[in-house]
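Engineer: Have a look; sequence and predicted model below, questions after that.
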There are 2 protein chains.
Amino acid sequence: MVHLARSRPIAVPPVETDKLIAELNALAAISDCPEPPPAVTRVVFSETDLRARDYLRSLYEAAGLEVRVDPIGNTFARWPGADPAAPAVGTGSHCDAIPHAGMYDGTVGVLGGLEAVRALKRAGFTPRRSIDVIMFTSEEPTRFGVGCTGSRAMSGAMAPTDLARLTDETGDDYDTVRQRAGFAGDLAGVALPAGAYHAFVELHIEQGPELEAANLPIGVVMAIAAPAQAEFVVTGEGGHAGAVLMPRRRDALSAAVEMIAAVERLALSSKSPDLVATVGRLAVHPGAVNSIPSRVGFSLDLRDIDGANRDAVLAAIEEETDAIASRRVVKVERRVLNADPPAACAEKIVDAVRRSAESLGLGYQQMISRAYHDSLFMARVAPMGMIFIPCRGGVSHRPDEYSSPEAIRAGVETLALTLAELAS
Amino acid sequence: MVHLARSRPIAVPPVETDKLIAELNALAAISDCPEPPPAVTRVVFSETDLRARDYLRSLYEAAGLEVRVDPIGNTFARWPGADPAAPAVGTGSHCDAIPHAGMYDGTVGVLGGLEAVRALKRAGFTPRRSIDVIMFTSEEPTRFGVGCTGSRAMSGAMAPTDLARLTDETGDDYDTVRQRAGFAGDLAGVALPAGAYHAFVELHIEQGPELEAANLPIGVVMAIAAPAQAEFVVTGEGGHAGAVLMPRRRDALSAAVEMIAAVERLALSSKSPDLVATVGRLAVHPGAVNSIPSRVGFSLDLRDIDGANRDAVLAAIEEETDAIASRRVVKVERRVLNADPPAACAEKIVDAVRRSAESLGLGYQQMISRAYHDSLFMARVAPMGMIFIPCRGGVSHRPDEYSSPEAIRAGVETLALTLAELAS
């Protein structure tokens, strides 16, 4: 049992799991995926994204929260505290989903954050600090090639001018697209004022297999691994598939596949077992069965707990791709979109999460987040922590991503007690 | 000077090159390519294809030809001969263009065929046999994955039921799409009656570098190389790019790039120097920067003058891709879309082309067509020949594909004399 300052103690927050699962299902139904839920596609600033935002707003208002939307759509649903001038406590996550993804990534942190607040209200708790449930815009890099644009801009990790210039596949820039989606105001107004948050804590599915394997309901995140993302464009020489003999070819795809094989080889031989490298996107130009590829673009996603090792592997990939391009007489252009440093979680939040799990009788382990989250950037402007819950088979970014109602309940209870402690 | 039976001799057919080039330019302007001509995209049964057909019909009618359109849009513009019951002489090619292609591939054979007929008319020539300028539907495999659907169906190389079942990327079948485009009638009516043509001869740009290198205006084609086309689908296991460690992955793209590297290696080490292998199309599912590919589809185009060697290389590729799939614990599915035998040109047509070039004082060489043409299938139902003209740098299927007005004029003059001889 946790004793909360300035309020009566709460043993177990009265979480309404059925209601929360129904809301997760309702949100999953707002999707552009041709397959039905649990398959979800929800890309930032699409009509579908806007419908999802409308749905969330209706829930926030029903819960009596005060809603603020910033110039790029980051949404803050505030439960005002007894001392509204005190720095607030933030929680939340994202609701966008990559093409053909699942229904729990991000959404558990937004709707679970809302349910944590509602459970504390039900319990009669009165927070000293205000509590904000935040829905970050565009955690996924699907549309603009860069992930976490919402939290990057909020934390000052990305300047408004750089944000405005990002372009999607049609060539439209971020500033135009967000305005067309109905978000107005000066981009300079997105950055949070210094000291706005006393603490930020995000509830999220693990997206990995460790908690399930250990049969533990709660992961107390100690740090977030360092991701780097880059785009490669290989330019060779096209031509008719029937007419140009093999030795005379400068096939952009043949060069690209050798580069991608090198990425895998360098990742597998990395000295850090935690380093992962992924080429998730590849486009061939002109893309006809009987045409030699003249241009190939592909993405690289590189992560490690050890930032220095990640940078060393990135450098090795650059060297190797240059050598392949030179040998094959093709051109390779690279653009590093981001190479963010890892973030450590704040001790006071780690302690609060641990105490909350203990008071609920929930087993936990300390762990690293290998996936990328808005918390990585929130750590720049506030003490940050994360709570993980298990997901089946460690599967994420797929329609069969799944966390059980029991797992979600445990996560929301832990979050609620953590918020209560931090807001007291 | 060629003496034509039953008509007065024609020394040089009065080809109007400026008019022909203007028509090629007008046709190139009917394009779905975002870039202006000479970049061209014209996919079968699209609105743009239909506009191109309307334009061609206006030219045929202005030339006084009788137009017949079959149930899949193959178009026959007939100049009736003095003996209309005699088997006709055919010429022609295609007007569809792969995405981001050039403006000469195919079109030189259709508009050049028309100009050859007009030149013979201007010269006062009267053919004994009727002469048909044919525009074949869908020589390019862009939409339905199989090339030469028009000539395959005309020659009986593809059964109407198989044709009807071909599907495009949206899942629509050939039969539905052709009807939506306004082409009606029983597909069984596409096959040509036996003996319909006394001869078929196609004028085409070389799409290779040999004529330019030899500084010769005319290529007399002796045979068409044997193409095979297949589709591969590799299925592995997806997941979040940050969360699944490298040794646990079954990345479909990592497997596919190893397979594509094997295709190139096997082609380069083939005992035939003429064997070419091309992977021109590749699609990654789900195709997100931060998602491990779960499924990759790619195309294979394999050609050789030596059909047995081509089949041996295809078998080696199948063996190698099976081994890679097995080692990586992914699934590979293959579908051979076509593996047609090579076709030899008819001696009487080869001789007629040679005599025509000689009488015009044009240098020529005998050669092999490494590219795929409707003539490959017309060879099944008629004696077949082809006339090649040089194109700059051997470049084709690219916007910078180019044949000079002089090269085109020489080709049309040669074609006109060849048609006159064959139709006499």
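Structural biologist: Yep, it's here. In this text, all values refer to a predicted model and were calculated from it rather than measured experimentally.
Engineer: what's the distance between stretch A:285-299 and the middle of its chain?
Structural biologist: The chain centroid and the centroid of stretch A:285-299 are separated by 31 Å, computed with Cα atoms, centre = their mean, to the nearest Å.
Engineer: and that stretch, how far apart are its ends?
Structural biologist: End-to-end distance for stretch A:285-299: 15 Å, by Cα to Cα, to the nearest Å.
Engineer: hang on, isn't residue A:299 packed against residue A:228?
Structural biologist: No. The criterion here is Cβ atoms under 8 Å, and residue A:299 misses it with residue A:228 at 11.3 Å. Every residue, glycine included, has its C-beta placed from N, CA and C.
Engineer: of the two, who's got more company?
Structural biologist: Counted by other Cβ atoms under 10 Å in any protein chain shown, residue A:299 and residue A:228 do not tie: residue A:299 has more neighbours, with 23 against 20.
Engineer: show me the contacts for the more buried one.
Structural biologist: Contacts of residue A:299 were listed using Cβ atoms under 8 Å, 6 or more residues apart in numbering or on different chains, and they are A:145, A:229, A:230, A:231, A:232, A:279, A:280, A:281, A:282, B:289.
Engineer: Looking at pLDDT only, which of the residues you listed scores worst?
Structural biologist: Looking at these by pLDDT, the weakest one is residue A:145, with 87.
Engineer: so what's that residue closest to, chain neighbours aside?
Structural biologist: Distances taken as Cβ to Cβ, 6 or more residues apart in numbering or on different chains place residue A:337 nearest to residue A:145, at 5.6 Å, with adjacent residues excluded.
Engineer: Is it possible to mark the buried ones in the contacts of residue A:299?
Structural biologist: Of the members of those, the ones counted as buried by neighbours, 16 or more other Cβ atoms under 10 Å in any protein chain shown, are A:145, A:229, A:230, A:231, A:232, A:279, A:280, A:281, A:282, B:289.
Engineer: which one of these is nearest residue A:261?
Structural biologist: Of all these, residue A:261 sits closest to residue A:279, with 10.0 Å by Cβ to Cβ.
Engineer: Can you tell me how far that closest one is from chain B?
Structural biologist: 6 Å (Cβ to the nearest Cβ, to the nearest Å).
Engineer: these two touch, right, that residue and residue A:267?
Structural biologist: No. Contact criterion Cβ under 8 Å: residue A:279 and residue A:267 do not qualify, at 10.3 Å.
Engineer: helices or strands next to the helix or strand where the residue nearest to residue A:145 lies in the packing?
Structural biologist: Per DSSP states H and E, residue A:337 falls inside strand A:331-339. Counting contacts by 3 or more Cβ pairs under 8 Å, 6 or more residues apart in numbering or on different chains; DSSP states H and E, strand A:331-339 packs against strand A:226-235, helix A:307-328.
Engineer: Worst mean pLDDT among the ones you listed?
Structural biologist: strand A:226-235 (a mean of 92).
Engineer: Partner strands of that one, with direction?
Structural biologist: Partner strands and pairing direction for strand A:226-235 (DSSP bridges) are strand A:295-304 (antiparallel), strand A:331-339 (antiparallel).
Engineer: sorry, back to before: would you mind giving the contacts of residue A:299 as TSV with distance to residue A:113 added?
Structural biologist: Below are those laid out as TSV (distance: Cβ to Cβ, whole Å):
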residue	distance to residue A:113
A:145	27
A:229	27
A:230	32
A:231	33
A:232	37
A:279	33
A:280	28
A:281	30
A:282	36
B:289	26
